[in-house]
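Engineer: sharing a sequence plus its predicted fold:
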Amino acid sequence: MSVEDILASARAWIRQDPDAETRDELAGIVTLAAGGDAAAIEDLDDRFRTRLAFGTAGLRGALGAGSNRMNRVLVSQAAAGFAGYLLERSRGARPTVVVGYDGRRNSRRFALDSAELFAGAGLRAILLPRLLPTPVLAFAVRHLGADAGVMVTASHNPPNDNGYKVYLGGPDEGSQIVAPADAQIAAHIQRVADAGDVGVLPRSDAYEIAGDEVVTAYIEATAAVAPAGAGADGLRWVYTAMHGVGWETFARIVTAAGYPQPTVVRAQQHPDPTFRTVSFPNPEEPGALDLSYDVARSARAELIIANDPDADRLAVAIPDADAPGGWRRLIGNEIGLLLGARAARAAEGIPGATLACSLVSSPGLGVIAAHHGLGFAETLTGFKWISRAEGIVFGYEEALGYLVNPETVRDKDGISAAVALLGLASEARERGENLSTLLAELGETYGHFGSGQVSIRVEDLSIIGTVMASLRQTPPASIGDAVVESAEDLLHAPEGQPSGDVLRYRLAGGGRVIVRPSGTEPKLKVYIDTQAESAEAAAAAVAEIEAGVRVLLDERS
């Protein structure tokens with residue numbers, strides 16, 4: 001785009017923007033750019049040379065003015081386009097759409113804009129009664145028999161991000177969208193954007209606000225996942241909401257299920273869009289649970305439970321004398337295998353019952369499924385795929401996402417997973433054991449699996465493309481000292497197998513390495529899995545392969 005084209009796009013944006021803050025922000029940049037300021041011209045080019053792409057993850061990006069940012073113009077275009085898609089597929093019926101939002105900056109405003117535009121387009125729009133966890137919205141789509149749902153959230157992204165997550169009801173039963181729906185919705189959105197002024201889109205305040213009975217129904221269903229037994233008496237545990245929206249709902253569920261209330265990390269208890277006590281509001285990130293560890297030591301707690309800001313993920317930490325500070329966060333695969341074994345024991349003998357996980361999660365879940373005579377499905381990453389596994393009774397992905405009650409919520413749910421985990425901890429206590437002994441029993445029963453991950457966060461997304469292209473053109477013969485026995489490019493997977501931008505290497509000795517770009521963050525992710533005769537040997541094998549992966553990535557980037 002020429003400077004004149006960029007300036008024209010920016011001025012047209014200002015004319016239709018209903019938000020005074022982003023209008024003023026953009027007007028200041030336009031003034032500088034029109035005067036020849038190189039930095040301002042570059043800024044405008046970044047904001048307008050493209051637009052945030054709508055895909056199976058919906059929209060997600062940094063807040064700000066411009067087509068390549070999250071703002072009221074972009075959200076209005078998305079809402080109007082999604083309304084057009086729903087009307088087109090409704091064949092004359094009146095679609096119902098439920099809208100939820102979390103505690104991030106502008107989440108409520110984006111949700112209100114969406115509800116007004118859905119109502120203005122003739123849809124029945126239902127706004128959830130207040131800021132709530134993402135799993136409540138996923139539940140509400142099914143509970144209310146809605147045709148669709150929208151959740152305004154950026155989950156665990158940085159503080160200045162927000163997003164627009166879309167679900168479909170009907171045959172999809174409240175799951176996130178998959179192809180071809182994403183492209184069809186994107187085409188409707190583009191038509192709205194091409195038409196120009198979002199200010200002329202019909203709006204209405206005739207949307208409904210859901211009563212608290214929707215939340216109460218979610219609480220009752222989730223408390224029933226694992227009601228407290230005798231082993232819960234006196235359980236000392238710590239909870240953090242990571243500055244998100246999980247606490248209010250989870251506290252009610254804990255009471256309903258009969259568990260003792262936790263010691264709460266007060267500094268992170270309530271929604272705070274600045275996420276002021278963490279550098280990155282993701283419980284997987286180093287340092288994110290440090291305050292929880294401090295509180296747990298003071299409380300002499302037996303475990304820590306953490307949700308991410310929209311409460312669709314679960315993190316767990318346990319006492320460990322060998323870990324720095326005496327606490328260790330379980331990796332996602334450890335939690336996934338604990339919960340998977342729980343589900344497998346309960347599902348034994350049920351015809352068609354299936355355990356499912358993403359292809360980058362531990363192969364241990366397949367071993368558990370076989371041990372109990374259950375089906376097993378390996379899918380592409382994302383719960384839009386995992387939740388669609390036929391006969392699913394449990395699903396997970398290693399990035400702290402767990403689906404423990406598919407009859408209630410067809411998405412990852414960090415709150416119901418937390419209840420299931422509390423149930424496991426309580427059952428173990430009743431036998432004089434704990435989560436550490438449960439992990440040891442997993443290894444003795446199903447084999448010892450090790451997992452690791454190498455992530456590279458980039459400023460320049462082209463670096464990821466460069467690395468993936470290099471690996472495709474010249475597959476590595478070895479990773480560290482381990483010989484690569486086979487290399488698979490899942491862009492060319494056989495029909496019926498998961499297909500995507502994923503490279504998988506199987507190593508001599510039984511190790512596995514998978515490389516893929518992140519779907520939600522500017523990261524290249526590498527997943528390492530091993531199996532050995534002991535937990536120590538599996539961990540040592542992971543460390544060796546991880547060192548080799550780092551050398552390989554340095555060579556290819």
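Structural biologist: Good, I have the coordinates. Owing to the predicted nature of the structure, the values given are computational and were not obtained by experimental measurement. Residues are numbered from 1 along each chain as shown.
Engineer: helix/strand/coil for G92?
Structural biologist: On the three-state scheme (DSSP: H, G, I helix; E, B strand; the rest coil), G92 is labelled coil.
Engineer: and it, how far is that from L86?
Structural biologist: Using C-beta to C-beta, to the nearest Å, G92 is found at 12 Å from L86. Where you see a C-beta, it was placed from the backbone N, CA and C, and this is true even at glycine.
Engineer: OK, contacts around H372?
Structural biologist: When contacts are counted by C-beta atoms under 8 Å, 6 or more residues apart in numbering, H372 touches A344, R345, A347, E348.
Engineer: you'd agree the third one is up against A353?
Structural biologist: It stands for A347. Yes. With contact defined as C-beta atoms under 8 Å, A347 reaches A353; the gap is 4.0 Å.
Engineer: so what sits against both of these two?
Structural biologist: With C-beta under 8 Å, 6+ apart as the test, A347 and A353 both reach L374, V393.
Engineer: tell me which of G92 and L86 has more neighbours.
Structural biologist: Legend: neighbour count by other C-beta atoms under 10 Å for G92 and L86, higher for L86 (24 against 5).
Engineer: so which helix or strand takes in that one?
Structural biologist: L86 belongs to helix 72-90 when elements are defined using DSSP states H and E.
Engineer: now do the buried residues in that helix.
Structural biologist: In terms of neighbour count (16 or more other C-beta atoms under 10 Å), helix 72-90 has its buried residues at 72-87.
Engineer: can you name the next helix or strand after it?
Structural biologist: Remark: after helix 72-90, the chain's next helix or strand is strand 96-101, criterion DSSP H and E.
Engineer: report all helices and strands that the helix or strand just after that next one contacts.
Structural biologist: Elements were assigned by DSSP H and E; along the chain past strand 96-101, the next helix or strand is helix 107-120. In this structure, helix 107-120 packs against helix 72-90, strand 96-101, strand 124-127, strand 148-152, strand 161-168, with contacts taken as 3 or more C-beta pairs under 8 Å, 6 or more residues apart in numbering; DSSP states H and E.
Engineer: sorry, back to before: which of the contacts of H372 ranks first by neighbour count?
Structural biologist: Going by other C-beta under 10 Å, A344 tops the contacts of H372 with 24 neighbours.
Engineer: so what's T277 up against?
Structural biologist: T277 makes contact with H243, A267, Q268, L291, according to C-beta under 8 Å, 6+ apart.
Engineer: go ahead and confirm the first one touches F275.
Structural biologist: Translated: H243. Yes. With contact defined as C-beta under 8 Å, H243 counts as touching F275 (4.7 Å).
Engineer: these two: which is more packed in?
Structural biologist: A side-by-side neighbour count of H243 and F275, using other C-beta under 10 Å, places H243 first with 25 against 22.
Engineer: mind checking how far that one is from P158?
Structural biologist: Note on H243: its distance to P158, by C-beta to C-beta, is 12 Å.
Engineer: which residues do the two both contact?
Structural biologist: Contact with both H243 and P158 is made by residues P281, according to C-beta under 8 Å, 6+ apart.
Engineer: on that earlier part again, among the contacts of H372, name the ones in helices.
Structural biologist: In helices, defined here by DSSP state H, the members of these are A344, R345, A347.
Engineer: quick check, nearest of those residues to G120?
Structural biologist: Nearest to G120 out of the ones in helices among the contacts of H372 is A347 (C-beta to C-beta; 45.6 Å).
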